[in-house]
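Asker: Fold the following for me, if possible:
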Amino acid sequence: MELVFPRQGSDLMIRIRFHGRGGQGAKTASRIVGTAAFIEGFTAQDSPIYGAERRGAPVAAFTRFARGPILERGLIANPDVVVVADETLLGDPVARVLEGVSGTTALFVNSPRSPQDLKREASLPGEVLTLDLTGLALTRLGKSGALSAPLGAVGARIVGLAVQSLRQAVEGELASLGLSEPLLAENVSLAVECFEGVPTVPVTPSPPTGETVAALWTPVYEPPTRGSARIASGANTLLRKTGDWRTYRPVLDVRKCNGCTLCFVYCPEAAIALNDKDRPVIDYDYCKGCGLCITECPTHALTAVRETEEKPA
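Answerer: Residues are numbered from 1 along each chain as shown. Next up is the predicted model:
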């Protein structure tokens, strides 16, 4: 499908919102789509938003493109397309993935499940598309978090940008990050495969809203006269279950565990306790899935299991 705007100089635009976790590449994916649109002659704008940079924490990025000048800035409250890098974000109240999503929004979710199953189980509005980008990245690149090119490819495909523009955008954006030539070629090839793996859907450019967008994902700070920000509420660490950040979880095979307690010592979140036999017990409410315990386990008693494969006991 060729992307056609009503007239040259029109103020109509396409708005795409990316949701991911720190380290998955949502920020770079938004740049890839913006660059691809720019290559095709559009005015493009992309910007991310996140708090402290923590791997696994929810992040969002925004891409706008139009034939004429783009006068909007900041967050996209009412997206035409939403691209979700991690299925677990759908149930995360902090990520607010479905904020502003309507029946006309195209919603892509990185998931091995079918659109029908996901739409039914999660009560998702609009047009739902799925593809297992994580599985493809693992197969082609050996890394589950290498999703910048696949996510950008999906966004470009849904709105009808050309594959040639996508190739140029992926090459340009990833080369600027210092990727080697072989790895760059693999990413371009993976992007094309993902581009061809999802269909285009009807996405209608819309006019500027003319309204000020409230910050949906940013903290509230003190006035500038106070000189610094502060935490306004009491301690709430236990209330924020960071297990929602996890794409992979560590699973223990007790037959291989020798009770060395290295996983307990190395866990940066204190999400591993020891039972009366000095065997690890993992608190999945707070385990972020960083994988450090798996790396340090000398007997390989801990393995990584993808979240969508089974539920923790």
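Asker: Residue ranges in the stretch 201-313 of the chain under the pLDDT threshold?
Answerer: 208-240, 308-313 (pLDDT under 70).
Asker: where exactly do the helices run in it?
Answerer: 262-266, 292-296 (DSSP state H, counting those that start in this stretch).
Asker: For residue 12, grab the count of nearby residues.
Answerer: Using other CB atoms under 10 Å, the number of residues around residue 12 comes to 15. (Each C-beta comes from the backbone N, C-alpha and C, glycine too.)
Asker: May I ask you to confirm that it is in contact with residue 205?
Answerer: Yes: assessed by CB atoms under 8 Å, residue 12 is found in contact with residue 205 at 3.7 Å.
Asker: what's near enough to touch residue 149?
Answerer: 25, 29, 32, 170, 174, 187-188, 190-191, 194 (CB atoms under 8 Å, 6 or more residues apart in numbering).
Asker: nearest to residue 78, of these?
Answerer: Nearest to residue 78 among the contacts of residue 149: residue 29, at 20.0 Å, using CB to CB.
Asker: Can you verify that closest one is assigned to a helix?
Answerer: Yes: the assignment for residue 29 is a helix, going by DSSP: H, G, I helix; E, B strand; the rest coil.
Asker: still on that earlier bit, of all the helices of the stretch 201-313 of the chain, which lies closest to residue 128?
Answerer: Of those, nearest to residue 128 by CB to CB is helix 292-296, at 32.6 Å.
Asker: would JSON lines of the helices of the stretch 201-313 of the chain with distance to residue 114 and mean neighbour count be doable?
Answerer: Converted to JSON lines, the helices of the stretch 201-313 of the chain look like this (distance: least, CB to CB, whole Å; neighbours: other CB atoms under 10 Å):
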{"stretch": "helix 262-266", "distance to residue 114": "36", "mean neighbour count": "17"}
{"stretch": "helix 292-296", "distance to residue 114": "30", "mean neighbour count": "17"}
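Asker: and those as TSV, adding distance to residue 18?
Answerer: As requested, these are exported to TSV (distance: least, CB to CB, whole Å):
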stretch	distance to residue 18
helix 262-266	32
helix 292-296	27
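Asker: Out of those, which is closest to residue 243?
Answerer: The nearest among the helices of the stretch 201-313 of the chain, by CB to CB, is helix 292-296 at 14.1 Å.
Asker: Restricting to C-alpha, output that closest one in PDB.
Answerer: Below are the C-alpha coordinates for helix 292-296, written out as PDB (Å, rounded to 0.1, in the frame of the first residue of the first chain):
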ATOM      1  CA  LEU A 292      22.600 -12.000  36.700                       C
ATOM      2  CA  CYS A 293      21.700 -15.000  38.800                       C
ATOM      3  CA  ILE A 294      21.700 -17.200  35.700                       C
ATOM      4  CA  THR A 295      25.100 -15.900  34.700                       C
ATOM      5  CA  GLU A 296      26.600 -16.500  38.100                       C
END
